[in-house]
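**Student:** Okay, sequence plus prediction incoming.
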Amino acid sequence: MTRRSRTWRVFKWAGTSVCGLIFAMWATSLWLRVSCFTVPVWLLLIDGTLCVRFPGVPMHGNAEDVGVRVKVIEFDPQWALIGEYTGTGFRLTGICVPLWMSFALAAIPTTLLWLFGRRAWPATHCRKCGYDLTGNVSGRCPECGEEI
């Protein structure tokens, strides 16, 4: 097996696993509200949306006490950018993304890999290069040298 086909196989199965994980997250988020508040990142999974907040201003106390105003910019009920206005400007600290978009971004290349990632040569052809080996008795492909 060539290095390229091995790599493609790894990417095909990794993409399939990622798509399955995203689908499971989406299905779970329709029935449950899942949250994980750990330092330094917090995650929230609700109604088909994944929200991630990156390290930023400490979550204790009042935002005005540390000179920061938290701003949420919503584009759609499922899309949002979470940022902070500080004395120097705006800093992005989080994002909310619909899971269907993440699924589509993972599913498209995975589907292409499954469709085009495997060449099916007839039994009388070399598995590596596809050269027709009909009548070959040497045990090696004359085109690429692969052992038959």
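**Tutor:** Structure received.

**Student:** ok, Thr93 touching Ile82?
**Tutor:** Yes - using C-beta atoms under 8 Å, Thr93 makes contact with Ile82 at a distance of 5.6 Å. Where C-beta positions appear, they are placed from N, C-alpha and C, glycine not excepted.

**Student:** residues shared between the contacts of these two?
**Tutor:** With contacts taken as C-beta atoms under 8 Å, 6 or more residues apart in numbering, the residues that reach both Thr93 and Ile82 are Arg53.

**Student:** The host helix or strand of Trp13: what's the following helix or strand?
**Tutor:** According to DSSP states H and E, Trp13 maps onto helix 3-31. Under the assignment DSSP H and E, the closest C-terminal helix or strand after helix 3-31 is strand 34-37.

**Student:** How far away from the center of its chain is the very next helix or strand once past that next one?
**Tutor:** Next helix or strand after strand 34-37 toward the C-terminus (DSSP H and E): strand 42-46. Centroid separation for strand 42-46 versus its chain: 17 Å, with C-alpha atoms, centre = their mean, to the nearest Å.

**Student:** Give me the sheet partners of the next helix or strand after strand 42-46 and which way each runs.
**Tutor:** Next in sequence after strand 42-46, counting helices and strands by DSSP H and E, comes strand 49-53. According to DSSP bridges, strand 49-53 forms sheet pairs with strand 42-46 (antiparallel), strand 89-98 (antiparallel).

**Student:** Run the angle between the shortest one and helix 3-31 for me.
**Tutor:** This means strand 42-46. For strand 42-46 against helix 3-31, the angle by axes from the mean of the first three to the mean of the last three C-alpha atoms, to 10 degrees is 70 degrees.

**Student:** Where does the prediction get shaky in this protein?
**Tutor:** For the chain, the stretches with pLDDT under 70 are 1-4, 39, 55-78, 84-91, 117-120.
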